[in-house]
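Student: structure, please.
(4 chains)
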There are 2 protein chains.
Amino acid sequence: MPHCHTYLKKLRDHGYRITPQREMIVQIIAHCGRHMSAEEIMEKVREKTTSINIATVYRTLDLLVENGLASRFDLGNGKTAYATSEHGPHIHLVCRHCGSVTEITENDISASLDRIEDIYDFDCRPYHFSIHGLCRDCRDSMTD
Amino acid sequence: MPHCHTYLKKLRDHGYRITPQREMIVQIIAHCGRHMSAEEIMEKVREKTTSINIATVYRTLDLLVENGLASRFDLGNGKTAYATSEHGPHIHLVCRHCGSVTEITENDISASLDRIEDIYDFDCRPYHFSIHGLCRDCRDSMTD
DNA sequence: TTGCTTGTTGCGAAGGTTCGCATCAAAGGA
DNA sequence: TCCTTTGATGCGAACCTTCGCAACAAGCAA
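Tutor: The predicted structure follows:
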């Protein structure tokens, strides 16, 4: 469920100004159920107005990430994607050899995150991160 | 302790050719006890020869990462750094608000990594990854 | 040692992201 | 409503990284 207003309210509460550009960007990434690149987001905004610039898109996305309203994904090969936090917390296992991505569930790592929150007083949630390593196929195919 | 020969041997064993450029790059990142940017590595190589190009540095670093001989770190603000695997496995807690970085130890997450290796047959080690979240100071200073 | 095959390099261009700065406009107060 | 303050935008330049391609050279076999 998209909550544009919640997002915008949070931004305002944090002292940021609500501009038409920010409204449109938030609307788009909140309604789109998947992750999107900055370029894609700009094109969507362009369908509504010409008054948008790629630098503004990046700046707004940074803002959302900084405030925990969106997450940034490094898709490898130099691409980055963004999604609202509603996309749900998860972890990607990325094979450093073939680039394959496996999504794992919260349960698999929940205990460790609890531990990190306790010991370091660091708020990990909601989280999105990648663990790089070797998938079974690549490990098997390497003589090492 | 640097093991240039071990690294080069591994590359050769994997079917890659050993060129002067690759030798020098491996030597530099193996002997330097910290992480370095591609630009820094190129400057170091330049002290020995002019026959080096930034694209080659990037390609060699990709190769090392792909084969588990080095790790890539996203330092935020668009910078990337590299270090050999000897730099040791670790995890960074990166505050998405102030950018502060806390390094945590293997113990804190070891159990979860074991679990991931068991269930998904995915080789996480040696590992370097970042968990983004909110440090205590930033959490306290946010009204939310 | 010589020649061949094919992976590697350097170069320039292109792609993606960030930055600096002048202009603009959101938000709040008078 | 109008004015003021100051954060946000658009633009162009700069920066970092990747890509395509022609020339080069590592490694192997003879």
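Student: okay, domains of chain A per the record?
Tutor: Domain assignment for chain A by automatic domain parsing gives A:1-86, A:88-144.
Student: quick one, helices of chain A?
Tutor: Using DSSP state H, the helices of chain A run over residues A:4-13, A:20-31, A:38-46, A:54-66, A:107-120, A:136-141.
Student: next, format those as a markdown table and append mean neighbour count, mean pLDDT and distance to B:Arg96.
Tutor: Every residue, glycine included, has its C-beta placed from N, CA and C. Below are the helices of chain A laid out as a markdown table (neighbours: other Cβ atoms under 10 Å in any protein chain shown; pLDDT from 0 to 100; distance: least, Cβ to Cβ, whole Å):
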| stretch | mean neighbour count | mean pLDDT | distance to B:Arg96 |
| --- | --- | --- | --- |
| helix A:4-13 | 16 | 92 | 14 |
| helix A:20-31 | 20 | 96 | 17 |
| helix A:38-46 | 17 | 96 | 17 |
| helix A:54-66 | 18 | 96 | 6 |
| helix A:107-120 | 16 | 89 | 15 |
| helix A:136-141 | 13 | 85 | 31 |
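Student: may I see these arranged in a markdown table, with distance to DNA strand C as well?
Tutor: Formatted as a markdown table, the helices of chain A follow (distance: least, Cβ to the nearest atom of the strand, whole Å):
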| stretch | distance to DNA strand C |
| --- | --- |
| helix A:4-13 | 6 |
| helix A:20-31 | 6 |
| helix A:38-46 | 4 |
| helix A:54-66 | 4 |
| helix A:107-120 | 25 |
| helix A:136-141 | 16 |
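Student: could you dump these to a markdown table with distance to chain B?
Tutor: Below are the helices of chain A laid out as a markdown table (distance: least, Cβ to the nearest Cβ, whole Å):
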| stretch | distance to chain B |
| --- | --- |
| helix A:4-13 | 7 |
| helix A:20-31 | 17 |
| helix A:38-46 | 13 |
| helix A:54-66 | 6 |
| helix A:107-120 | 4 |
| helix A:136-141 | 4 |
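Student: how about these, which one is nearest B:Ile104?
Tutor: helix A:107-120 (6.5 Å; Cβ to Cβ).
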